[in-house]
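Trainee: Sequence first, predicted coordinates after that:
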Amino acid sequence: MHLKTFSAIAFAASLLSLHALAQEQPGGQRAVLTIHADKVAAKVSPMLYGLMTEEINRSYDGGLYAEMVQNRTFRSDWSGVLHWYLVENGSANARILIDRQTGPSEALKTSLRLDATNAGEQSPAGILNDGYWGMAVRPNTSYRGSFYAKTDSGTLPVTVRLVDDDSGKAVATTTVANIGSSWAEHAFLLKTGAIPVSQHRHLELLVSRPAVLWLQLVSLFPPTYRDRANGDRVDLMEKMAAMHPTFLRFPGGNYLEGDHIADRFEWKKTIGPMIDRPGHPSPWRYYSTDGMGLLEFLNWCEDLKMQPVLAVYAGYSLAQEHVNPGPDLESYVSDALEEIEYVTGSADTKWGAVRAANGHPKPFSLQYVEIGNEDQFDRSGSYDGRYAQFYRAIKAKYPALELIATTPVKGIRPDVIDDHYYRRAKEFFQDVNHYDKTDRTGPKIFVGEWATREGSPTPNFGAALGDAAWMTGMERNSDIVIMASYAPLLVNINPVATQWESDLIGYDALRSYGSPSYYAQVMFGSYLGDVVVDANLEGGGPKLFCAVTRNTQKKQLYVKLVNALSTPRTVDLQLDGGAAVSGKLVSLSAPDTQTTNTIDQPTRVIPAESALRVAGSTLHHTMPPFSIQVLQIDLR
Ligand code: AHR
């Protein structure tokens, strides 16, 4: 083969200058990457990169689910009504208590009772909510709110206001005029003017005369993604959209299972009006409102054009509780079948009709259902039987569905096995060839949870290097690794909100940021071809990783390179089976492995794009120390 030499001039400021080209590689080795652009080594799974989610680290309540009121259903403990406080202005006098005798629905049987014995126009009394460690309030914005209420004190007006924590001044005020003697829902709108942005704000509900007022389900939403009612935070949705995810695995994770069987994710209690959702305890030690319910997960899929990967509860909960296969398990299997019907059934099926009544007549498409979560931890050994029972029942009704087992099972061949890996970067570096020799005739692989756990609350650049190396291995093997999702995805960085270190995207009430690992995901998800091309990396020393895919339609190669050493590295790319005409370089690098992004410094490590001037078939490419790069090569 005749190789023409061409020069590559990358304009990225992060690239080392050309004198680095002359430097020796560690160990004196030269890296040569030979790419046979026209030789297909494997097909890339069209669903390779996706998202995994569960209620952990305040992922939904205090996170993606945009509700601003924390504890909107007035849960209490020895310390009082959590996140709610009494307000007594001037000479006002009042008290609050939880009334267990009255509530607006079967699901919400209790309420908060405000007894205002002394209150006036200048001295209102009421309650305040401090939000999820603050309430982010922006200028010129409308906030939609509602509450359920009743009173025994005639027709009672309630003033609702957003108040600045520091000045005590209202930044938005409205009045709900007509609270009556029966439980009713009252909606309100709070509009801000030209105020500064701040998350040091709270919500107040006040009365201006002596009265008794019962309240339940106090809710307040900012504008949401695509303006959905009961919707999601815009900044977090945009960050996820930038990852180009193809699927969403939900609702867990341990959150699916619960500590006890009674605490599992019971999908039927998470649909319909909020007033019918009791919420439930999560294994991550806080109570879930279930405002993010089954339909909200599906809407999230629809909004980001992701396939749902639905995990159904399969009869095992974390405190070593399990349901025996056989008759005991039957109701759980039926529940899963009904859940699938809720997702996929037309509006003339029983559960499809419920979904339509909940606001989504069109069925969702569904290809994969996962049976349980991490059932290798079930020490009773019941998973073989439980999986088989679910498998047979689901296949009988939905033969086209592909069923994922959470661990290898005996007696039946699952369509897909879900592998989980939480590791240090070093372990991923050593195991990048993990799937190279996997039996191609066995079940497909879903790497449903994985992450390099270095850095807290979000991973540092060393972790991103481990992640990127591992992704090159999954990508090269994506004929067998059909899906992969990093976990956990989200973390509210308030220390009392976090249960798990090293989460992809961090946020508080107002702001959010992507970790270096997040940007590695963005790069890998954004530049992915439909086939893996035959490529061979030789030399270059340790901790150099690569994967090459091709977008056949666009005639582009995506060369992913990871240099996990502290020295620059030169890779000679030799191309045959296609000639390069132009290119682009996307580069993510950091001066050391500890460098990271934070809520206050969110952009220390972000990808830099530059032109890659290529022509012909050889490219001398120099990578900076500690770098993750994508070379997009446009072929003639
Ligand atoms: O991602 C955090 C937890 O790790 C998941 O809930 C569980 O499936 C795994 O053990």
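Mentor: Cool, the structure landed. As the structure is a computational prediction, the values presented were derived from the model and not from experiment.
Trainee: How far off centre is stretch 80-97?
Mentor: Counting by CA atoms, centre = their mean, to the nearest Å, stretch 80-97 is centred 36 Å from the centre of its parent chain.
Trainee: Same question for stretch 462-470.
Mentor: That offset, for stretch 462-470, works out to 19 Å (CA atoms, centre = their mean).
Trainee: Identify the residues contacting that stretch?
Mentor: 421, 423-429, 431-432, 450-455, 459, 486, 502, 515-517, 519-521, 523-524, 543, 545, 560, 562, 564, 588, 593-594, 605, 626, 628 (CB atoms under 8 Å, 6 or more residues apart in numbering). All C-beta atoms are positioned from the backbone trio N, CA, C, and that covers glycine.
Trainee: Filter these down to the buried ones and hand me the ChimeraX line.
Mentor: A single ChimeraX command is used to select the members of the contacts of stretch 462-470 judged buried by 16 or more other CB atoms under 10 Å:
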select :421,423,425,428,429,432,450,451,452,453,454,455,459,486,502,515,516,517,519,520,521,523,524,543,545,560,562,564,588,593,605,626,628
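Trainee: Among the contacts of stretch 462-470, which are located in strands?
Mentor: Members of these lying in strands (criterion: DSSP state E): Tyr421, Arg423, Trp450, Ala451, Thr452, Tyr486, Phe545, Lys560, Val562, Leu588, Ile628.
Trainee: which residues does whichever residue of the stretch 101-250 of the chain sits closest to the ligand bridge with?
Mentor: Of all residues in the stretch 101-250 of the chain, Arg249 sits closest to the ligand, at 10.1 Å by CB to the nearest ligand atom. Bridge pairing for Arg249 (DSSP bridges) gives the partners Met52, Val309.
Trainee: Tell me, how many residues neighbour it?
Mentor: Using other CB atoms under 10 Å, Arg249 has 30 neighbouring residues.
Trainee: quick one: the residue of the stretch 501-636 of the chain found nearest the ligand from Gly455, how far?
Mentor: Proximity to the ligand, evaluated over the stretch 501-636 of the chain using CB to the nearest ligand atom, is greatest for Asp503 at 8.7 Å. Asp503 sits 10 Å away from Gly455, going by CB to CB, to the nearest Å.
Trainee: residues near the residue of the stretch 501-636 of the chain closest to the ligand, how many?
Mentor: A count of neighbours around Asp503, defined by other CB under 10 Å, yields 29.
Trainee: Return the backbone torsion pair for it.
Mentor: The phi/psi pair for Asp503 (degrees, to the nearest 10) reads phi -120, psi 150.
Trainee: what about the residue lying closest to it once chain neighbours are set aside, which SS state?
Mentor: With sequence-adjacent residues excluded and distances taken as CB to CB, 6 or more residues apart in numbering, Asp503 is closest to Val491, at 3.6 Å. Here Val491 is recorded as strand under DSSP: H, G, I helix; E, B strand; the rest coil.
Trainee: list the contacts for Val491?
Mentor: Counting by CB under 8 Å, 6+ apart, the residues that Val491 touches are Asn57, Arg58, Ser59, Pro457, Thr458, Ala497, Thr498, Trp500, Asp503, Ile505, Gly506, Tyr507.
Trainee: ok, 10 Å please
Mentor: Going by CB atoms under 10 Å, 6 or more residues apart in numbering, Val491 touches 56-59, 63, 456-458, 497-507, 515.
Trainee: Kindly report the same for Ser512.
Mentor: 63-64, 233-236, 238-239, 490, 492-493, 505-506, 599, 602 are the contacts of Ser512 under CB under 10 Å, 6+ apart.
Trainee: Would you list the buried entries among the residues you listed?
Mentor: With neighbours counted by 16+ other CB under 10 Å, the contacts of Ser512 contain buried members at 63-64, 233-236, 239, 490, 492-493, 505-506, 599.
Trainee: Return the member of these nearest to Cys301.
Mentor: Using CB to CB, Leu64 is the member of the buried ones among the contacts of Ser512 that lies nearest Cys301, at 13.0 Å.
Trainee: how far away is the residue nearest to Arg440 when sequence neighbours are not counted from Thr175?
Mentor: Leaving aside its sequence neighbours, Arg440 sits nearest to Ile480 (CB to CB, 6+ apart; 5.9 Å). Here Ile480 is placed at a distance of 62 Å from Thr175 (CB to CB).
Trainee: Quick check on the two: which one has the bigger neighbour count.
Mentor: Taking Ile480 and Thr175 together and counting by other CB under 10 Å, Ile480 has the greater number of neighbours (18 against 13).
Trainee: what's the more buried one sitting at in phi/psi?
Mentor: Dihedral pair for Ile480: phi -100, psi -40, per degrees, to the nearest 10.
Trainee: per-residue pLDDT, the residue in the stretch 451-600 of the chain that the ligand sits nearest to?
Mentor: As assessed by CB to the nearest ligand atom, the ligand sits closest to Ala487 within the stretch 451-600 of the chain, at 4.1 Å. Note for Ala487: predicted pLDDT of 98.
Trainee: thinking it is in contact with Thr452, fair?
Mentor: No - judged on CB atoms under 10 Å, Ala487 makes no contact with Thr452 at a distance of 11.6 Å.
Trainee: between the two, what contacts are shared?
Mentor: Common neighbours of Ala487 and Thr452 (criterion: CB under 10 Å, 6+ apart): Tyr421, Tyr422, Ser502.
Trainee: Let me have those in TSV, adding pLDDT and distance to Asp348 as columns.
Mentor: Formatted as TSV, those follow (pLDDT from 0 to 100; distance: CB to CB, whole Å):
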residue	pLDDT	distance to Asp348
Tyr421	98	43
Tyr422	98	44
Ser502	95	46
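Trainee: Out of those, flag the one nearest to Met292.
Mentor: Nearest to Met292, judged by CB to CB, of these is Ser502 at 22.4 Å.
Trainee: Quick one: residues contacting the nearest residue to that closest one once chain neighbours are set aside.
Mentor: Setting aside the residues directly before and after it, Ser502 is nearest to Arg453 in space (CB to CB, 6+ apart), at 4.3 Å. Arg453 is in contact with Tyr421, Tyr422, Arg423, Arg424, Ala425, Pro459, Ala463, Gly466, Trp500, Glu501, Ser502, Asp503, counting by CB under 10 Å, 6+ apart.
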